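1. predicted model and sequence below, questions to follow.
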Amino acid sequence: MAKYIINGGQKLSGEVSIRGAKNASFKQIIASMLSSEPSWLSNIPQISDVKITQSIARHTGSQIQKIGQHSLKIQTSKIINSTIPSGTGRQSRTSFMFIAPLLLRTGHITFPTPGGDKLGKRPLDRLYTCLAKMNIQIEHKKDSTSLHSQHVTATEYTFPKPSHTVTEVLLMLASMAEGQSIFHNSAIEPEIDDLIELLNQMGAKIHRQNTDPSTIVVQGVSQLHGTEHQVIADRNEAVTFACATLATKGSINILRIEPQHIQTFLDTIQNMGATVNRGRDEVEIIWTKTLRSVKVETEPQPGFMTDWQAIFSVLLTQATGASSIIEKIFPQRFQHIKILNQMGAKTKFFNPQIENTTNYYHFNPESDHPSFFHGVKIYGPTKLKPINLDIKDLRAGATATVAALTANGQSIINNVEYIKRGYENLAPRLRSLGADIRYLKN
């Protein structure tokens, strides 16, 4: 068990470069398996989710060679196993994303129930509905699912609500399905566009409609080839450093990030009173005065990203007035509020008064429960107290770390292995900005 020892209250300032996106890199490793030829991926972060994906890929037949610190050569000459191992498969949601290469190249796949953070049920019903239309047989078992098809066909499908990961799985499948597929109301996150760019470099024929970017047209091809591709920067990492800096009343220059990819976040902190200077591939963020309260609702791209709200909650404890966050993507994603309350935050849960909740929320109604709250009010500014805490998931761990940097006194954050799922060398990079943080491995 590893831990952070943090002496908070230090103002963060300086410069940091953003690593490759967690939510793009591991999916592109999987996409490279659609071809038997080698591909070279660069800007791959050294995080555990990527390592888990590599482990599964090797189990199914991939040969992966590390080149330098952040590049991989991947070649899958032959798929040798179409069953995803249950152990690694349950550690991450990557398991079902192997559907495309394994099903297209062998005709079948068996994968365990997806894991990942405990945010509520993942809407895989949208995936299964479309798979059935693509001539794929689905067999659900107690702890796993098997898919079979010797002839994957194209389809036209309208998502009832945008789904980031399901869109990516279907794009990979459709790239080599027979015929033309059209997906309406698809997700439009930049990580998806990065996957489309990779697939097109491999020989796929995929494009978004100019008049409606949420409509994606895919003309299936018989085979794909290898390529070279650089993964885009991680939006969540950029927002984490930004929130840590503003919460400690500092300033930061964030390099290797496309400001447009975090536009909604930048607009939000500007409205709160932060100074934001956008460059071509960098952004400068400066605390100049006490920030104002704000109201946000999580939405799919181009809205306020659900992965940002936990970290952002820390910043709201330092803003003047009553702020609120409404979580519309997942039915249960306020576990981090308990941590902030233990540190002295003043919060109050609520549920928005909405007549048609089915249209308002993006999660499935059956995933909801009367005990779940979908909104929280955060009152500030509040002096946070240090804490000794065992964390249980990635976002809560990152939130606790940023909160500990804000609090005066020594905090101990245990089980930081969870943080390594999405952040590479977080402690030394925060230390380079002036944080008093140590990483200890027992």
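-> Happy to help now that I have it.
2. per-domain residue ranges of this structure.
-> 2-18+233-441, 22-230 (automatic domain parsing).
3. gap between the two ends of the shortest one?
-> What that stands for is domain 22-230. In domain 22-230, first residue to last residue: 13 Å (CA to CA, to the nearest Å).
4. and what of the longest one?
-> This stretch, domain 2-18+233-441, spans 4 Å end to end (CA to CA).
5. mind checking how far it is from the chain centre?
-> What separates the centre of domain 2-18+233-441 from the centre of its chain is 14 Å, taken as CA atoms, centre = their mean, to the nearest Å.
6. likewise for the shortest one?
-> Its chain's average C-alpha position is 15 Å from that of domain 22-230, according to CA atoms, centre = their mean.
7. on that earlier part again, lowest-confidence stretch among the domains of the chain?
-> The minimum mean pLDDT among the domains of the chain belongs to domain 22-230 (a mean of 92).
8. a markdown table for the domains of the chain, including mean neighbour count?
-> Placement of C-beta: from N, CA and C, glycine included. Formatted as a markdown table, the domains of the chain follow (neighbours: other CB atoms under 10 Å):
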| stretch | mean neighbour count |
| --- | --- |
| domain 2-18+233-441 | 19 |
| domain 22-230 | 19 |
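9. all helices of the chain, in order?
-> With DSSP state H as the definition, the chain shows helices at residue ranges 22-32, 48-60, 86-91, 99-106, 124-133, 164-174, 190-201, 235-247, 263-272, 309-316, 335-342, 357-360, 394-406, 426-431.
10. closest one to Ser77 among those?
-> If you check each of these against Ser77 by CB to CB, helix 99-106 wins as the nearest, at 10.7 Å.
11. now the angle from the closest one to helix 164-174?
-> If you take axes from the mean of the first three to the mean of the last three CA atoms, to 10 degrees, helix 99-106 sits at 20 degrees to helix 164-174.
12. CA atoms only: put helix 99-106 into PDB for me.
-> Extracted C-alpha coordinates of helix 99-106, given in PDB (Å, rounded to 0.1, in the frame of the first residue of the first chain):
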ATOM      1  CA  ILE A  99     -14.900  -6.600 -28.800                       C
ATOM      2  CA  ALA A 100     -13.900  -5.100 -32.100                       C
ATOM      3  CA  PRO A 101     -10.500  -6.700 -32.700                       C
ATOM      4  CA  LEU A 102     -11.300 -10.100 -31.200                       C
ATOM      5  CA  LEU A 103     -14.800 -10.400 -32.800                       C
ATOM      6  CA  LEU A 104     -13.700  -9.200 -36.200                       C
ATOM      7  CA  ARG A 105     -10.600 -11.300 -36.400                       C
ATOM      8  CA  THR A 106     -11.800 -14.500 -34.700                       C
END
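13. so it versus helix 48-60, what angle?
-> If you take the same axes, to 10 degrees, helix 99-106 sits at 10 degrees to helix 48-60.
14. tell me what the closest residue in space to Ile18 that isn't next to it in sequence is bridged to.
-> Closest residue in space to Ile18, ignoring its immediate chain neighbours: Ala233 at 4.3 Å, by CB to CB, 6 or more residues apart in numbering. Counting by DSSP bridges, Ala233 forms beta bridges with Gly20.
15. ok, now which ones touch Ala233?
-> Neighbour list for Ala233: Ile18, Arg19, Gly20, Ala21, Asn43, Arg256, Ile257, Glu258, His261 [criterion: CB atoms under 8 Å, 6 or more residues apart in numbering].
16. am I right that the first one is in contact with Asp234?
-> In other words, Ile18. Yes - between Ile18 and Asp234 there is a contact at 5.7 Å, judged by CB atoms under 8 Å.
17. ok, Pro162 to Phe183 distance?
-> Relative to Phe183, Pro162 is positioned 10 Å away (criterion: CB to CB, to the nearest Å).
18. against Arg333, how distant is the spatially closest residue to Thr113 that is not a sequence neighbour?
-> Of all residues not flanking Thr113 in the chain, Asp143 sits nearest, at 5.9 Å (CB to CB, 6+ apart). Per CB to CB, Asp143 is found 25 Å from Arg333.
19. do the same with Glu191
-> 19 Å.
20. got it, and Pro162?
-> Distance from Pro162 to Arg333, counting by CB to CB: 17 Å.
21. same deal with Val50?
-> Taken as CB to CB, the span from Val50 to Arg333 is 23 Å.
22. try Arg58
-> Applying CB to CB to Arg58 and Arg333 gives a distance of 32 Å.
23. so Gln263 makes contact with Pro302?
-> Yes - counting by CB under 8 Å, Pro302 is a contact partner of Gln263 at 6.8 Å.
24. give me the common contacts of those two.
-> With contacts defined as CB under 8 Å, 6+ apart, no residue is shared by Gln263 and Pro302.
25. isn't His336 right up against Lys392?
-> No - in this structure, His336 is not within contact of Lys392 by CB under 8 Å, at 10.4 Å.
26. ok, now which ones touch the nearest residue to Asn23 once chain neighbours are set aside?
-> Using CB to CB, 6+ apart and skipping residues adjacent in sequence, the residue nearest Asn23 is Glu191, 4.9 Å away. Listed by CB under 8 Å, 6+ apart, the contact partners of Glu191 are Ala21, Asn23, Ala24, Lys27, His164, Glu168, Ile232.
27. mind redoing it with 6 Å?
-> When contacts are counted by CB atoms under 6 Å, 6 or more residues apart in numbering, Glu191 touches Ala21, Asn23, Ala24.
28. likewise for Ile354?
-> Here Ile354 is in contact with Tyr360 (criterion: CB under 6 Å, 6+ apart).
29. please repeat the previous calculation with a cut-off of 10 Å.
-> Applying CB atoms under 10 Å, 6 or more residues apart in numbering to Ile354 gives the contacts Ile326, Lys328, Tyr360, Tyr361, His374.
30. from those residues, pick the one nearest Ser86.
-> For the contacts of Ile354, the nearest to Ser86 is Tyr361 (31.5 Å; CB to CB).
31. pretty sure the closest one contacts Pro160?
-> No - counting by CB atoms under 10 Å, Tyr361 stays clear of Pro160, with 11.9 Å between them.
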